[in-house]
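# Any chance you can model this:
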Amino acid sequence: MKQNDWLAISGVGILLILILAGIFAPLITSYDPNQIDLTDKLSNPSFTHLLGTDYLGRDLFSRILYGSRATLLLGTVLTIIILVLGVVIGCIAAINNGKIAAVIDGFCTLFLTLPSEMLGLVIIAVVGPSLEGLILAIVLPRWPWYVRMIKNDVKKILSTNYVQYAKLSGNSMFVILRKHVFPNIGSQIMVYTTLDMGALITSIAALSFLGIGIQAPTAEWGRMLNEAREVANVYPWQMIPAGVVIFLVTLILNYLGDSLEGKNNAFSD
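Residues are numbered from 1 along each chain as shown. Predicted structure coming up:
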């Protein structure tokens, strides 16, 4: 097995550990992530508090574990939602050449011409800082990109000779999509999803860092980074736990996406 494969497997392992740690956080740590103890605030890492405590005396290790639910698990769920929208709408646009495809392309063009960050901020300004606002600010700017990419991939497969033969043989479009299209675009969809998930998780953390994403007292990595920033001049190490996990997760996802893309290109050649 090549070194790149080992690195990819290690990256997947780290992501799974973080996801499972968030799910089973109550079994791993006995501290409530929102429990305030002002008598023990800003304490250094120790056996009692593995990563120390924040400015309210809350255990940072517990908040990192529970924060993976808000950042990593939410990012995974939103990625799946966007992917499903992209696949369904993209396939509809690919197999229709009339008004339906024109309407879908029009909506995609409209959304894609707007800066995604600005659109997200406008959505949150309208809906208000909340989990619902964060979800809309993440999903709405992204689904058109998936639709456009998947539509192009589907149309490319539908134009091949073997798919044309399948049509002439009387196969329904559903059967053609299931047997011929999805197996051939699945790996490319994985590349899109993996690369975009890193950016999506960064967006969740960034919006929470700005105070317009997930709200206190919910533990979330971007929110934790913002809270640590307020005491960073005196306690700079407070920014390390949340900063490291955000950087690590984004790095792993980008590396996995690049690795998958490289394998796809090598297979195509």
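# any low-confidence regions in the stretch 1-150 of the chain?
Applying pLDDT under 70 to the stretch 1-150 of the chain flags residues 1-4.
# what about the helices in it?
Using DSSP state H, counting those that start in this stretch, the helices of the stretch 1-150 of the chain run over 3-23, 25-28, 60-68, 74-95, 99-113, 116-127, 131-158.
# Dump these to TSV, plus distance to Q238 and mean neighbour count.
Every C-beta, even on glycine, is put in place using the N, C-alpha and C of the backbone. Listed next are the helices of the stretch 1-150 of the chain as TSV, based on distance: least, C-beta to C-beta, whole Å; neighbours: other C-beta atoms under 10 Å:
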stretch	distance to Q238	mean neighbour count
helix 3-23	20	14
helix 25-28	20	14
helix 60-68	8	25
helix 74-95	23	19
helix 99-113	38	13
helix 116-127	26	16
helix 131-158	24	20
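# Skipping its backbone neighbours, what lies nearest L114 in space?
P141 (7.3 Å; C-beta to C-beta, 6 or more residues apart in numbering).
# could the helices of the stretch 1-150 of the chain go into a markdown table alongside distance to T48?
Below are the helices of the stretch 1-150 of the chain laid out as a markdown table (distance: least, C-beta to C-beta, whole Å):
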| stretch | distance to T48 |
| --- | --- |
| helix 3-23 | 19 |
| helix 25-28 | 15 |
| helix 60-68 | 10 |
| helix 74-95 | 30 |
| helix 99-113 | 50 |
| helix 116-127 | 38 |
| helix 131-158 | 32 |
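# Out of those, flag the one nearest E261.
helix 3-23 (12.0 Å; C-beta to C-beta).
# Check which helices and strands that closest one sits against.
Judged by 3 or more C-beta pairs under 8 Å, 6 or more residues apart in numbering; DSSP states H and E, the packing partners of helix 3-23 are helix 60-68, helix 240-268.
# Pull the distance from the longest one to the chain's centre.
What separates the centre of helix 240-268 from the centre of its chain is 12 Å, taken as C-alpha atoms, centre = their mean, to the nearest Å.
# from now on call the first residue 59
In the new numbering, first residue 59, that becomes helix 298-326.
# Quick one: mean pLDDT over that helix.
Mean pLDDT, computed over helix 298-326, is 83.
# Which neighbouring elements make contact with it?
helix 61-81, helix 118-126, helix 240-267, helix 279-287.
# about what we covered before: is it true that the residue nearest to L172 touches G178?
Yes: between P199 and G178 there is a contact at 5.8 Å, judged by C-beta atoms under 8 Å.
# picking up where we left off before, right, so the helices and strands packed on helix 61-81: which one is the most enclosed?
Across the helices and strands packed on helix 61-81, averaging neighbours per residue (mean count of other C-beta atoms under 10 Å) puts helix 118-126 on top, at a mean of 25.
# and it, what other elements does it pack with?
Short answer (3+ C-beta pairs under 8 Å, 6+ apart): helix 118-126 packs on helix 61-81, helix 83-86, helix 279-287, helix 298-326.
# tell me the angle the first one makes with helix 298-326.
Relative orientation of helix 61-81 and helix 298-326, computed by axes from the mean of the first three to the mean of the last three C-alpha atoms, to 10 degrees: 140 degrees.
# and the angle from helix 61-81 to helix 132-153?
120 degrees.
# how much space between L78 and I140?
23 Å (C-beta to C-beta, to the nearest Å).
# Could you do A286 as well?
30 Å.
# thinking again about what came up before, list the contacts for the residue nearest to L172?
F169, L172, S174, L177, G178 (C-beta atoms under 8 Å, 6 or more residues apart in numbering).
# quick one: which of those residues is nearest to D95?
Of those, the one sitting nearest to D95 (C-beta to C-beta) turns out to be G178, at 35.5 Å.
# who's in contact with the residue lying closest to the closest one once chain neighbours are set aside?
The spatially closest residue to G178, leaving aside those adjacent along the chain, is A195, at 3.7 Å (C-beta to C-beta, 6+ apart). A195 makes contact with L177, G178, L179, I181, I182, V185, L265 under the criterion C-beta under 8 Å, 6+ apart.
# Okay, A195 and I272: tell me how far apart.
A195 is 12 Å from I272, by C-beta to C-beta.
# same thing with H107?
23 Å.
# Now I272: closest residue in space, sequence neighbours ignored.
E278 (4.3 Å).
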